[in-house]
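1. what's the 3D shape of this:
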Amino acid sequence: MLSVRDLDVSYGDAQALDRVSFEVDEGSIVAIVGANGAGKTSLIRTIAGMIRPSHGSITFRGAEIAGWPSHRVCNLGIGQVAEGRQIFPTLTVGENLDMGALLPRARDKRATQLDRVFAMFPILEERLKQTAGTLSGGEQQMLAIGRCLMGQPDLVMFDEPSLGLAPAIVHEVLRTIRDLNREGLTCVVVEQNVAMSLKLADRAYVLENGRITLTGTGEELLADDRVRQAYLGM
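-> Next up is the predicted model:
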């Protein structure tokens, strides 16, 4: 569904991604794990069209999209739940959800998607007219996911979905990602929480200093001594 080949990204003289390659099969959950500063967010933003790569290929369902503007990438069916939620804090919950449905691909099915979001997150319907900035961290994450779903994506990239959340809320977010995947949504999860991500993933990649250093199933990487020593403290 998504194929990244030999991707390079630089900020001036600093190289953020160095020949990164990975694949995402349709209907799967793929985890990209690594420490803070490994290049994970740069990778997500490059796929999303927010950063132009200096080299490499990004194909989505056979279409070469490297360098496309972000609005074209979104309308093709790639959604993003950004690090830190990135909701519009001065708008209401309802207005935030409406922003997600502005894509041409999503306009005709706004009502259907809204019902789906409310079924998944009933609290958002209760808070529909509440200013988004007054929501709790967990509720804001639900809103960020709901807003993304309003755009009718086929693949969603979750950038640090557990960041800043209480453990109980983290488990709720993970359950949501698993449920969405079971409904047919393809998911890419980018996380510092390595154990959590690997337990969730069908396939996983370790990103270190801008390079993919390990790959395998989630179970294989959980059992890998290098991963256990470097990220799990074992």
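2. Would you check the distance separating the longest helix along the chain from the middle of the chain?
-> Longest helix in the chain, counting residues (DSSP state H): helix 167-182. Here helix 167-182 is found 13 Å from its chain centre; the criterion is CA atoms, centre = their mean, to the nearest Å.
3. before we move on, what about stretch 44-58?
-> Distance of stretch 44-58 from the chain centroid (CA atoms, centre = their mean) equals 15 Å.
4. what angle separates the helix or strand following the longest helix of the chain from helix 167-182?
-> Using DSSP states H and E, the helix or strand that directly follows helix 167-182 along the chain is strand 186-191. Strand 186-191 runs at 150 degrees relative to helix 167-182, counting by axes from the mean of the first three to the mean of the last three CA atoms, to 10 degrees.
5. partners of strand 186-191, with directions?
-> Taking DSSP bridges as the criterion, strand 186-191 pairs within the sheet with strand 29-33 (parallel), strand 155-159 (parallel).
6. Now do the contacts for V190.
-> Listed by CB atoms under 8 Å, 6 or more residues apart in numbering, the contact set of V190 reads 31-33, 40-41, 43-44, 157-160. All C-beta atoms are positioned from the backbone trio N, CA, C, and that covers glycine.
7. bridging residues for it?
-> Taking DSSP bridges, one obtains I32, D159 as the residues bridged to V190.
8. Kindly report the same for A63.
-> Beta-bridge partners, per DSSP bridges, of A63: F60.
9. Just confirm it contacts L76, I think it does.
-> Yes: with contact defined as CB atoms under 8 Å, A63 counts as touching L76 (6.9 Å).
10. Who has more neighbours out of those two?
-> Taking neighbours as other CB atoms under 10 Å, A63 and L76 compare with L76 leading, 18 against 10.
11. measure the more buried one to N209 for me?
-> 30 Å (CB to CB, to the nearest Å).
12. repeat for A111
-> When A111 is compared with N209 (using CB to CB), they lie 46 Å apart.
13. out of the two, which sits in the busier spot?
-> Higher neighbour count among A111 and N209: N209, with 14 against 9, using other CB under 10 Å.
14. Could you look up the SS state of A204?
-> Assigned with DSSP: H, G, I helix; E, B strand; the rest coil, A204 falls in the strand class.
15. can you pull up the bridge partners for it?
-> Residues in a beta bridge with A204, per DSSP bridges, are A31, G216.
16. per-residue confidence for it?
-> For A204, the pLDDT comes out at 96.
17. Equivalent analysis for M234, please.
-> At M234, pLDDT is 58.
18. try L174
-> pLDDT at L174 comes out at 89.
19. Repeat that for A106.
-> A106 is given a pLDDT of 93.
20. Counting neighbours, what do you get for it?
-> When counting by other CB under 10 Å, one arrives at 19 neighbours for A106.
21. residues touching the nearest residue to it once chain neighbours are set aside, list them.
-> Leaving aside its chain neighbours, A106 sits nearest to Q152 (4.4 Å; criterion: CB to CB, 6 or more residues apart in numbering). The contact partners of Q152, taken as CB under 8 Å, 6+ apart, are 77, 103, 105-106, 109, 113.
22. Which parts of stretch 76-94 count as buried, going by neighbours?
-> By 16 or more other CB atoms under 10 Å, the buried positions in stretch 76-94 come out as 76-83, 85, 87, 92-94.
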